[in-house]
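In: Predicted model and sequence below, questions to follow.
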There are 2 protein chains.
Amino acid sequence: MADPVKPRSKRSGRSGGAAARRESRLRGPVVYLPNAIRNIPTYEILKQDGLEAIDDHAMGILETIGVEFRDDISAKIWADAGADVDGHRVRIPRELIRKLIATVPSEFDYHAHNPDRSVKVGGRNMIFGPAYGTPNLIDLNGVRRQATADDMRTIMKLHQVNPAIHYNGGYTLEPMDVDVPVRHLHMVESSFNTTDKPIMGSPQSAYQARDSLEMAKIVFGKDYLDKNVAMTAIFNCNSPLVWDQTQLEALRIYAAHNQAMLLSPFVLYGASSPVHILAGTAQIVAEALAGVAFTQIIRPGSRAVMGVAPMGVYMKTGSPTFGSPEVALTMYVYGQMARYYGIPWRTNGAKTGAKQEDLYAGYDSILKVYPAILGGCNLLTHCGGTLEGSLCVSLGKLAADGQQLQSFYTMLKGVRFDDMDLVLDDLAKIGPGGHFFNEDYTRENLPFLDEVQDNERFESWIATGSKTVGERGRDWCRSMLDRYEQEPPTLDEAKREELRSFVGRRETEINAGQF
Amino acid sequence: MADPVKPRSKRSGRSGGAAARRESRLRGPVVYLPNAIRNIPTYEILKQDGLEAIDDHAMGILETIGVEFRDDISAKIWADAGADVDGHRVRIPRELIRKLIATVPSEFDYHAHNPDRSVKVGGRNMIFGPAYGTPNLIDLNGVRRQATADDMRTIMKLHQVNPAIHYNGGYTLEPMDVDVPVRHLHMVESSFNTTDKPIMGSPQSAYQARDSLEMAKIVFGKDYLDKNVAMTAIFNCNSPLVWDQTQLEALRIYAAHNQAMLLSPFVLYGASSPVHILAGTAQIVAEALAGVAFTQIIRPGSRAVMGVAPMGVYMKTGSPTFGSPEVALTMYVYGQMARYYGIPWRTNGAKTGAKQEDLYAGYDSILKVYPAILGGCNLLTHCGGTLEGSLCVSLGKLAADGQQLQSFYTMLKGVRFDDMDLVLDDLAKIGPGGHFFNEDYTRENLPFLDEVQDNERFESWIATGSKTVGERGRDWCRSMLDRYEQEPPTLDEAKREELRSFVGRRETEINAGQF
C-alpha cells in the first residue's frame, strides 16, 4: 500500500495524534491500564434451562456424593453449619449452599498500596495477572535455568511496567535459592517493594498465610485490611471432590481476614473429571461452590471467587495438555454458571505445554485466553510467559503475551456507532480506489499495534538479523526494565523497614522450628 | 497422574475403543471428515436494530457513493438492470439490491468427483480449505524456497489425506517453474488427478476461467456442471468500492456456468477501510453485496458467497498484519450481516505475518480462525500452513494447522446432556479423590488429541531430540504421504487422458497467443 501513516506524519510536522502517543509509549513513561471493562456480550452456550439443569446436577452431587473436607476442624465447622458430615465426607443440602453463597459479594475492589493501581473484580470488570509458582525461566540471555530470588524480582519489575498486568506476586518465579519454609516471606516482601500494584499472598499453609497477612497489615494497616481486599490467594480443590487440610487451614485464615480467595478445582479433563463436558462442569461447579460456601461460614460476606484451573490430559502419560476444545467449552459453561450464581470467576490464561516460544505455545495461549475473554471471566491468572505447563516462564513470551492482553483490551471495548456518519463522509470523499491513511480520523484512532511482533517482510526480517520472537520479546523486556529504573514505584520507607524487620524475625523463628 | 489409559488398555488386551480407533487413525487408512456442522450458538455482537443500522448504511453507500465496476460490459449490464450508471460508477437503489440478492441460495452442495467427498456450504455447515496463491514453501527438509509444480502436487496430496481439509486446489502453491499464462491448466489438472475432493478454479482472467470450467466439464459432464457446483473461485473487490475488469470478466463466466463465487473485499483495516469497525463493516458489506447482486443479474440463482479477506495494516510500512482485534470484531459483525441476508459467508483462516512456526504464527492463526468458528463462517479458506501473510506455506505448520481444525470440529460439536446420569453415576462410584482413567465411558469417549503436538515433559522432549514443531509437522506430512501412496484417489482413466489432451492443446494455443 502506498503512503503509510508514519512517514507522512513526520513530514507534515504535525503532532501525529495517536501515532505520537504510541511513540511516547515506546520511549516515554510507563503506561498503566485500568482493569478492562467488557463491552461485548458474553458467549452463552447454554440457555436458562440448561443452566438450571447444571445447577440441579451440581446440587445433587453436593447432596448425595458430597465433598471431602480432609480436615477435622473444617468438617466440624460444616457439621455445626447444618451439613450431613460423616468423617470428612460432607454432604450439603442445596438450601444450605444457596443460603451461604447468597452473602458472596458479586464485585469488590482489589487494592494496591498505590490507590491508582487498584482494580475491580466482578461484573463486567476483567483483570489479568501473571504466571504462578514457576521454578524455571528462560532468562534475558535466552538460557533455560532454575529461577532465583533475583529473577523473581526482575519478573516483578516486568509486571510493574507491563501495562495490562494488573497485579503481582504469587510466586510467578519461585526463588529456588531461598529455602522453601521462608520463601513466602521473600515473595511477599519483594512484591511490596518492587511494585505498587495489588499483590497475592501465600496459600500454602496456615503459617505462610498468617505471615502474608501480617505483612499486608504492615503496609495497609490492620483496620484497613479488615475492611478491604488487598491480597488474593489461590486455593485448589483436589478434583474430584477433595479439599485438603493445608488448603483449608490457610483458607480459614484468609476468610477470617476478609481477603479474596480464588477457589479453584484443579481439573484434568478425563482424569480428575469425566470425559463429558456438562457432567464435568457440574462436578467443578459443585467443588467450587463447596469451597465458596465454606468461606461464608467462616466470615459471611468475605470475598470468594469461583475459580477453575482446567487442563486436558495426554492419556498416554497422564500429562496435562492445553488448548483442549473440551476444556474451552467447559470454560464457557462454567462462566455462565458463575454469572448464574452472581459470583466473580477466575481461570488461568496463556498456558501451554510447549517448551519454546513456538507455534503451539501461540495456539494454546490464545485457545486458553479466548474462552476467558468471551466467557466473561473476571480474574485471569497465568497471563504471562508460561511454558511447559507452568514449569517454566519465558521472558520473551512474557513480553509477547502482554501485548496479546492489550489486543484483547481492544476487543473487549467492542463496537460503537458513534462517528459513523463522520467516517462514511470520509469514504464518500475518498471514493472508490482511494485510501484512508491520510484522514484525520485515521491518525487519531490508530488500530492496535503489537510492540513485540515483527511486521516486516521476509527480506527485511532477514536483513535485520532474523530475530526470533524470543529475542524480540527479550529486547522489549530490557527496554522496559530500563524504564522501570527511571520510574520505580515507591513504598513508604518506614513500612519498607518494618517489612524487612518482620522477615528477619520470622526467618529466625521459622529456622528454629517456630512456624 | 497415575494409571493413564493406554498402558492399561494394552495390558488388559481389550479392543480399547476410541484409543484403538485413534491408533488405527495414526497407522491405518486415511480418515475423511464430512463438513463440520455448527452445533454451538453463533456469537452475536450486534442486536437486530444494530444489524438494521449496518444494512441501512451499506445500502446508503451503494445508493449515494456507489461502486466502480471498471469494465464497460459490466457497467452496461448494471445500467440495463436499473442501476444509476455514470461511466464505471454504479449507484444501486436498495430495492434493486434486495430484489437481486433474494435469488441467492442460502445453502448449496459443493461436489467432488468422488461423491463421498462432496460437502455442504451454508446454514450450519462449515468447510475448511487450504492456503491460496503462495509462491514459496518451507519444504520437507525445512528449507524455504520457491515452489514448483512437484511441490504443488505434494501439497495437494497432503490436502487429500488431511482429514479436515474439505477441498483442494486454488494455487495453494504456485508452480513457479510453470509459465504464468498456462499455470492454471496444471493447477486444475493436478487438482483433479491428485485428489478426489472438491476443487477450485482460476478466477484470474476470462480465458483462465473458461479453461477451468472446460476441464470441470470433462470430469463432471456439461449438463451436470450446469446444475451443480463443482468448482469455486475467489473474486476480490479492490477496496474501497472497486471491482476490476479482469475479475468481472472471469466472474461473469463463473456466474453463467452456475458455479460458486466467493465475492471477497480485500480489506486492510485502516488503509482500504476506515479505522472504525462498524463503518468498515458497512463498507465491505456494500462491496460484497454489489458483487453478489451482479452475479444474480448474470444468472439468477447462481451460487454467490459473501466473502471477505480482512487484514490489519502496519501503519509504518503499509504491510498487512494478522490477529488484529479490530478485524476480529469486524468478522463477527460481518458474519451476522451474512446471516441477516441469508447468504453463506467466507473468510480466511490461519494466516499470519510470521516467518517461522513461532509464537506469533500460533497467536495469529487462532485469532483469525476463532471469529470464523464462533461467527458462523461457512467456508474458511487459508487453513493450512500459511506464513508471511500468504507468501510462504510451511509444510510443518500445514500439519499442525490441520490438527487445530480437528480440534475446532470438537468445539463445533458443542455440549450435550445425553449420558449425564450415567457419567455422574461413575463419579458417585469413584468418589472423592478417585480418577476416571479406567471408566468404560472414558475409553469410549477419549478427548481430542493433537497428533503433531508434543505432550511430553521437558526432560523427555530433550531426551528424544528436542524436535521443533516444524520437524514434528514434517514427520506427520511424511507419514501421511506414505499413506496417500497406499490409497491414492482415482479418476477415470479416460477423463484423465482427456484432461491431459486438453492441457496439451491449450498450452500450444496459449503459447501461440490464442487465449
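Out: Received it, and whenever you're ready, just let me know what you need.

In: Give the bridge partners for residue A:120, please.
Out: When bridges are called by DSSP bridges, residue A:120 pairs up with residue A:109.

In: separation between it and residue B:259?
Out: Residue A:120 sits 55 Å away from residue B:259, going by C-beta to C-beta, to the nearest Å. No exception for glycine: its C-beta is placed from N, CA and C like everyone else's.

In: Quick check: residue A:296 is in a helix.
Out: Yes - counting by DSSP: H, G, I helix; E, B strand; the rest coil, residue A:296 falls inside a helix.

In: so where's chain A uncertain?
Out: Along chain A, the parts satisfying pLDDT under 70 run over A:1-27.

In: packing partners for the strand ranked longest in it?
Out: Assignment by DSSP state E gives strand A:260-268 as the longest strand of chain A. With contacts defined as 3 or more C-beta pairs under 8 Å, 6 or more residues apart in numbering or on different chains; DSSP states H and E, the secondary structure elements packing on strand A:260-268 are strand A:231-237, helix A:245-256, helix A:277-298, strand A:304-307, strand A:309-314, strand A:345-348.

In: Any chance of those in CSV with mean neighbour count as columns?
Out: Below are the helices and strands packed on strand A:260-268 laid out as CSV (neighbours: other C-beta atoms under 10 Å in any protein chain shown):
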stretch, mean neighbour count
strand A:231-237, 26
helix A:245-256, 21
helix A:277-298, 27
strand A:304-307, 30
strand A:309-314, 27
strand A:345-348, 28
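
In: Enumerate every residue touching whatever residue of chain A ends up closest to chain B.
Out: Closest approach between chain A and chain B, counting by C-beta to the nearest C-beta: residue A:362, at 2.0 Å. Residue A:362 makes contacts with B:358-366, as judged by C-beta atoms under 8 Å, 6 or more residues apart in numbering or on different chains.

In: Which member of those residues is positioned nearest chain A?
Out: Distance to chain A across these (C-beta to the nearest C-beta) is lowest for residue B:362, with 2.0 Å.

In: hey, what's the residue nearest the centre of chain A bridged with?
Out: Nearest residue to the geometric centre of chain A (C-alpha atoms, centre = their mean): residue A:381, 2.0 Å. The bridge-partner assignment for residue A:381, based on DSSP bridges, gives residue A:348.

In: Pretty sure it sits against residue A:127.
Out: No - with contact defined as C-beta atoms under 8 Å, residue A:381 does not reach residue A:127; the gap is 9.6 Å.

In: hang on, the earlier thing: who are the neighbours in contact with the residue nearest to the centre of chain A?
Out: Applying C-beta under 8 Å, 6+ apart, the residues near residue A:381 are A:129-132, A:170, A:234, A:262, A:346-349.

In: When residue A:120 and residue B:259 are compared, which one has more neighbours?
Out: Legend: neighbour count by other C-beta atoms under 10 Å in any protein chain shown for residue A:120 and residue B:259, higher for residue B:259 (26 against 19).

In: Near chain B, which residues of the stretch 151-300 of chain A are found?
Out: Within the stretch 151-300 of chain A, the positions adjacent to chain B are A:238, A:240-242, A:268-279, A:282-283 by C-beta under 8 Å from any C-beta of the partner chain.

In: Great, nothing more from me.
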